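Trainee: structure for the following, please:
(3 chains)
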Amino acid sequence: MTPPETGRLDVRKTYKLYVGGAFPRSESGRSYPVHDAKGRFLANAAHASRKDARDAVQAARKAFPGWSTRTPYNRGQVVYRVAEVLEGRRAQLAEEVQHGEGLSRRQAETAVDAAVDRLVWYAGWADKLAQVVGGTNPVAGPYFTFSVPEPTGVVAVLAPQGSSLLGLVSVLAPVVVTGNTAVVAASADRPLPAVTLAEVLATSDVPGGVVNLLTGSLADTAPTLASHMDVNAVDLTGLAGDPEEATRLEQLAAENLKRVLRPPDAEPDWTTGPGLDRMTRFLETKTVWHPVGV
Amino acid sequence: MTQPEDAPVPTRPGPAEVFAYAPAPESRAVVDLRSSYGLFVDGRFVDAVGGGSFKTVNPATEEVLAEVAEGTAEDVDLAVAAARRAQTRVWSRMPGRERAKYLFRIARILQERSRELAVLESLDNGKPIRESRDVDVPLAAQWFFYYAGWADKLEHAGFGAAPQPLGVAGQVIPWNFPLLMLSWKVAPALACGNTVVLKPAETTPLTALLFAEICRQADLPPGVVNIVTGAGETGRAVVAHPDVDKVAFTGSTEVGRQIARTVAGTRKRVTLELGGKAANIVFDDAPVDQAVEGVVNGIFFNQGHVCCAGSRLLVQESVAEDVLARLKRRMGTLRVGDPLDKNTDVGAINSATQLARIRELSEVGEAEGAERWSPSCTLPAHGYWFPPTVFTGVSQAHRIAREEIFGPVLSVLTFRTPAEAVEKANNTPYGLSAGIWSDKGSRILWVVDRLRAGVVWANTFNQFDPTSPFGGYQESGYGREGGRHGLEAYLR
Amino acid sequence: MATSRPTYADAVTQTVAPTTPLPARLDDATSSDATLRRFLHGLPGVDQVGAEARAATLGTRSIKTTAKAFGLDLAIRMVDLTTLEGQDTPGKVRALCAKAMRPDPLDPGCPETAAVCVYPDLVATARQALGDSGVHVASVATAFPSGRAALDVKLADVRHAVADGADEVDMVIDRGAFLSGRYLRVLEEVVAVREACARPDGSRAHLKVILETGELATYDNVRRASWLAMLAGADFIKTSTGKVQPAATLPVTMVMVEAVRDFRDATGATVGVKPAGGIRTSKDALKYLVMVNEVAGPDWLDPDLFRFGASSLLNDLLMQRTKMATGRYTGPDYVTLD
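Mentor: As a prediction, this is how the structure comes out:
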């Protein structure tokens, strides 16, 4: 290929998976072409296999004890740091969102800004949610009893297919800020911002394995994640508009009683403010009793 | 009863030889048992479509107590229709303060008729009258009192400014705490403005039917509470009914799995309270007499028919011998027998099926090499009975350490360090409850933090309160019952 | 410092090892304040809520018909019929002794009580009244109820009671010393009192050690004080003087019953328990018997190992006994007021 007139051949980026803090290619060696909204080739992305999904679950499980026992203050700072680093990649992400989602530059920038702001919003929740959804229980006896929220464990997240960055951040942040670790299947057709987000995570303070990111067809990864016995919960948001597949995955998830967040009929407007639901869906309530006496 | 000759227990005469407690039976006369019961649909008792019925027996004697209508899919359909009508036309439109008063009224009647309910519960379930009288029935009333108070305060519960009921709740409950589980299900559902179709367990339908009568006594509008008795098929019909908005189930993990599959792809909200294999962890600095009581209470309360039973005793190796000797001595004072005797501690196993399961797993325990011990006790000739049993020399790999036995059978394992205790306690697909016994506060909190269980009792066990959320991690199910958390399952 | 009267140290030099030899482990425990402290604080804790819940559950036992008849008679045989008032007179004590020997004048089958319990100056009166009836004379001593006197005064008090014919001595421990952690001092005092119980013929009055649990504040302390008294050679451990509230309660007595049970497991020696103060009804007494039966075992269902320190309890036991026999509820006019 001939260099352009500037005399310099640009260095293209390789979009890889993000598993256990590393950026492996798919163990299958497969990749797939990613196109922009108008059908022009953008890049090749790694096509995650079932084995990649299993590796990602293993990495997420390994990271869980450390991440879930960090102080909430610390988790909040880590998520805020992600927002800081993301802000620094604003231009790159805006470009990827613009091409991938077929938006204007301005719309894409707005989406990136909203994603950063969403991270900041969730970061602040880390050390507040326990007081909002937990507390002491006024039992009728000589006992001190309290209930605290705890992360449910490893959460498989099927990210929205449409909103490749804001949607992704909106489903991922609530899962990890509360102490879960995540395996995310990114938008199949628009995976590039997800990989860039992974690079942001890797260069901020998020420990390896807390977020694991898979690109490629859901047909390969999603059933593996939904049926995996070491996954505690699954967010099916990425299956909005595909009730049959969502039903099939929910049935698979029943095998170990995963907590299931069903997909909406259609992908929601991610710019509206989220409530607590996406955090509380992946929390367990632990109630503790102790006698009060001398 | 057999027991190993070398059992290291005191050989002095048991209490029976010196201070023999004379029989102290609670009178059955307080219960007006009918020979047959219909379904409770739309405020009336009706026969099942097709006229099918089944017998419910007293597990302590195998005496048939009554014939009970067996609800079919058509009956469930009628009940759901009645519940839907009542929900849209009456119950959801009624101001919360009025709903509250109905629930308060029910709570009061439960208290007023507590003796009758307790005796009926013990007759049908086999549990000791001391427990039905002092635990099940008072807690059931307390549950209604608690949720009654929420009915007109829901906008302050933290679920949005104007939370709405879900609609019709289909509820399937187990046989271990028939009336109490009914109250855990019905009280929050009604407080939030839902109506219910409840299926009691096949072997224990009677207190639910008495509850139906109490609903009539309270002038609860027809259709708000519907009770459809029957077995597994009836329950499946409730869960699968397309016009049910919410499914609440307490029972086995296997059935919970089936329910989760059944509701997949629907809009039904689900809460599941399933099995458990709780560890009761005794550290070397435990208040040992209370720990032994807690272990006994943890596994022999309600014949061990408790999802959160402390069925695995994890005892620190340095005190294992002492704790076991104390435990066995204490087990020797448990009084097994007539559930209606006020001095009975351990009653009858609820059914022949359950007894067979307990026997089978206990035999597996022996076959796998664990050492089995029970105190010497005479079991009644009729009915379903199993003596309080402890297995020592159990390892994590044994089936009796992994599977829920749901009977008065304790598996004893040892540990050396707190980390090992936590690791063993968490080494199960379940995650409902756990116990910790130690006099060191910081160690308790360290362990509490690491246990993957929905309820952790420290220096106590098997405590329940309507203000206190209850429910499991992992395969013990999802959702919480009790407290403000318990409202979430019935609101949108 | 020169002084003619015996000092605390003088008194304790008279001590000898308890007659029942303790296992080496326990013998070491009493060798210094430090080891004693380590031992007592190494005893398992008592969780208040759990202990009280267990006692309450035992209290729900329903004791009817034959069991009740058995329990009532046993309880009568366990009563230390007590009068400990400033206004006590020889006449009052003689009346009480008559009652102890024949609680129900109309029923010769009615058992006698275990003992009559009086102040030391009335021991001679009681001794004379009871003669060789088999009903024991028990005397409080050691500057009862506060115990706040010099040791030699306390020992003189004990020797006087024993010399006048007391079969049993109910001493109080030095709660001040206990609460300030001077455990060895408490132990040595009990040992000294035990020595003072000796009679010229080589026999010894039985020693009941009153812990005054109402002043010990916690069940942990009750358990420690129980062991302390037993290590010192107590024949009985007793809850209270009856002059401090709360006096005997079911849970506090249960903690002490657990202690004697565990002490026997550790040493082979059997120590008795006496709840005193506040037990007024048959129903209460039966609850204690149930508790003893199920916590320590039936061995302790014996007047040699379990007593009730009480005054009004006896009449209620008698009224219930009559009710069992006649089927009619009786009234206070039908039992003797003494």
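Trainee: B:Pro429 reaches B:Gly472, doesn't it?
Mentor: No: between B:Pro429 and B:Gly472 no contact is recorded; they are 10.6 Å apart, counting by Cβ atoms under 8 Å. Quick note: C-beta positions are derived from backbone N, CA and C, even for glycine.
Trainee: can you give me the offset of stretch B:287-306 from its chain's centre?
Mentor: 15 Å (Cα atoms, centre = their mean, to the nearest Å).
Trainee: is chain C within reach of it?
Mentor: Yes: with Cβ under 8 Å from any Cβ of the partner chain as the measure, stretch B:287-306 is seen reaching chain C through B:Pro287, B:Val288, B:Asp289, B:Gln290, B:Glu293, B:Gly294.
Trainee: can you pull out the low-pLDDT segments for chain C?
Mentor: C:1-21 (pLDDT under 70).
Trainee: strands of that one, start to end?
Mentor: Applying DSSP state E to chain C gives strands spanning C:79-82, C:115-118, C:136-140, C:168-172, C:206-210, C:236-238, C:272-274, C:308-310.
Trainee: so in that sheet, which strands flank the second one, and in what orientation?
Mentor: Put plainly, it is strand C:115-118. Here strand C:115-118 is paired, per DSSP bridges, with strand C:79-82 (parallel), strand C:136-140 (parallel).
Trainee: show me which helix runs longest in the chain.
Mentor: All of this refers to chain A. When chain A is parsed with DSSP state H, its longest helix is helix A:105-125.
Trainee: ah, I was thinking of chain C
Mentor: In chain C, taking DSSP H as the definition, the longest helix is helix C:250-267.
Trainee: for that helix, buried residues please.
Mentor: Buried residues in helix C:250-267, defined by neighbour count with 16 or more other Cβ atoms under 10 Å in any protein chain shown: C:250-264, C:267.
Trainee: list just the nearest of these to A:Pro264.
Mentor: Nearest to A:Pro264 out of those is C:Pro251 (Cβ to Cβ; 57.9 Å).
Trainee: which residue packs closest to that closest one, ignoring adjacent ones?
Mentor: Computed as Cβ to Cβ, 6 or more residues apart in numbering or on different chains, the closest residue to C:Pro251 that is not its neighbour in sequence is C:Ala55, at 3.9 Å.
Trainee: cool, and B:Glu121?
Mentor: The shortest distance from B:Glu121 to any non-neighbouring residue, by Cβ to Cβ, 6+ apart, is to B:Ser132 (4.2 Å).
Trainee: how many residues are close by that neighbour?
Mentor: Residues near B:Ser132, counting by other Cβ atoms under 10 Å in any protein chain shown, number 33.
Trainee: wait, it touches B:Ser122, no?
Mentor: Yes: B:Ser132 lies in contact with B:Ser122 (Cβ under 8 Å); the separation is 4.8 Å.
Trainee: what sits against residue 153?
Mentor: Going with chain A. Contacts of A:Gly153 were listed using Cβ atoms under 8 Å, 6 or more residues apart in numbering or on different chains, and they are A:Arg61, A:Phe64, A:Asn180, A:Thr181, A:Val231, A:Asn232, A:Ala233, B:Gln474.
Trainee: wait, I meant chain C there
Mentor: C:Val153 sits next to C:Ala143 when contact means Cβ under 8 Å, 6+ apart.
Trainee: okay, it and chain A: tell me how far apart.
Mentor: Between C:Val153 and chain A the distance is 34 Å, computed by Cβ to the nearest Cβ, to the nearest Å.
Trainee: just B:Gly223 next, same as before
Mentor: 29 Å.
Trainee: next: C:Lys243.
Mentor: 22 Å.
Trainee: what lies in contact with stretch C:243-250?
Mentor: Contact with stretch C:243-250 is made by C:55-56, C:58-59, C:84, C:145, C:212-215, C:239-241, C:252, C:275-279, C:284, C:287-288, C:291, C:309, as judged by Cβ under 8 Å, 6+ apart.
Trainee: now those residues: which count as buried?
Mentor: If we count by 16+ other Cβ under 10 Å, the contacts of stretch C:243-250 have these buried: C:55, C:58-59, C:84, C:145, C:212-215, C:239-241, C:252, C:275-279, C:284, C:287-288, C:291, C:309.
Trainee: still on that earlier bit, pick the one among the residues of stretch B:287-306 next to chain C closest to A:Ala219.
Mentor: The nearest member of the residues of stretch B:287-306 next to chain C to A:Ala219, counting by Cβ to Cβ, is B:Gly294 at 51.2 Å.
Trainee: for that closest one, report the pLDDT, please.
Mentor: pLDDT for B:Gly294: 98.
Trainee: burial of C:Pro303, as a residue count?
Mentor: For C:Pro303, the count of nearby residues is 21 (other Cβ under 10 Å).
Trainee: now do the contacts for the residue lying closest to it once chain neighbours are set aside.
Mentor: If the residues on either side of it in the chain are set aside, C:Pro303 comes closest to C:Ala114, at 4.4 Å by Cβ to Cβ, 6+ apart. Taking Cβ under 8 Å, 6+ apart, we find C:Ala114 in contact with C:Arg77, C:Met78, C:Val79, C:Asp80, C:Val135, C:His136, C:Pro303, C:Arg307.
Trainee: run through the residues that contact whichever residue of the stretch 251-400 of chain B sits closest to chain C.
Mentor: Relative to chain C, the nearest point of the stretch 251-400 of chain B is B:Gln290 (3.2 Å; Cβ to the nearest Cβ). For B:Gln290, the contacting residues are B:Trp437, B:Asn459, C:Val46, C:Asp47, C:Gly50, C:Ala51, C:Arg54, by Cβ under 8 Å, 6+ apart.
Trainee: show me which residues of chain C sit near chain B.
Mentor: Within chain C, the positions near chain B by Cβ under 8 Å from any Cβ are C:44-47, C:49-51, C:53-54, C:60-68, C:70-71, C:74, C:258, C:289-290, C:293-294, C:297-299, C:301.
Trainee: before we move on, the earlier item: what sits up against the longest helix of chain A?
Mentor: Residues outside helix A:105-125 that contact it (Cβ under 8 Å, 6+ apart): A:76-77, A:79-80, A:82-83, A:86-87, A:90, A:93-95, A:97-98, A:101, A:103, A:163, A:165-166, A:168-170, A:173-174, A:177-178, A:270-271, A:273-274, A:279.
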